[in-house]
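Visitor: what follows is a predicted structure for the sequence shown.
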Amino acid sequence: MSRYALVSIEKSPPPQGQSGDNWYRYEITGGAATIVGYRRGTLGETRVVARECVMHLNSQLAGMPSSEFVRRAANPVADVDPLVAA
């Protein structure tokens, strides 16, 4: 069973059709899958959203009930984000 992990977050130009200068691009990998997301806001806000996405993906992979995901999402686990020291 592959676990998903956040591998990068970086400042980014806005996605096509969007405006603003406060965009970030994050990348999540799990096995052969790579997921790229964009978030407008601060680095901290983007990190929280990306961590929650990783936790959700891993909970689905493990078959964790959604109520357990909700409980854990309120307190993100640092092991899903190797960039936490960044």
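Guide: The structure has been received and is ready for your questions. Numbering: from 1, shown residues only.

Visitor: average pLDDT for the helix or strand encompassing residue 36?
Guide: Element membership of residue 36, judged by DSSP states H and E, is strand 33-40. Mean per-residue pLDDT for strand 33-40: 94.

Visitor: alpha carbons of it, as PDB, please.
Guide: Provided in PDB are the C-alpha atoms of strand 33-40 (Å, rounded to 0.1, in the frame of the first residue of the first chain):
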ATOM      1  CA  ALA A  33       0.600   9.100  -8.900                       C
ATOM      2  CA  THR A  34       1.600  12.700  -8.800                       C
ATOM      3  CA  ILE A  35      -1.000  15.300  -7.800                       C
ATOM      4  CA  VAL A  36      -0.400  19.000  -8.400                       C
ATOM      5  CA  GLY A  37      -2.500  21.600  -6.700                       C
ATOM      6  CA  TYR A  38      -2.600  25.400  -6.600                       C
ATOM      7  CA  ARG A  39      -3.700  27.600  -3.700                       C
ATOM      8  CA  ARG A  40      -4.100  31.300  -3.400                       C
END
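
Visitor: how far is the helix or strand just after that strand from where the chain is centred?
Guide: Proceeding N to C from strand 33-40, the next assigned helix or strand is helix 43-62, under DSSP H and E. Helix 43-62 sits 4 Å away from the centroid of its parent chain (CA atoms, centre = their mean, to the nearest Å).

Visitor: buried sites along helix 43-62?
Guide: Going by neighbour count (16 or more other CB atoms under 10 Å), the buried part of helix 43-62 is 46-59. Where you see a C-beta, it was placed from the backbone N, CA and C, and this is true even at glycine.

Visitor: and that helix with strand 33-40, angle?
Guide: 150 degrees (axes from the mean of the first three to the mean of the last three CA atoms, to 10 degrees).
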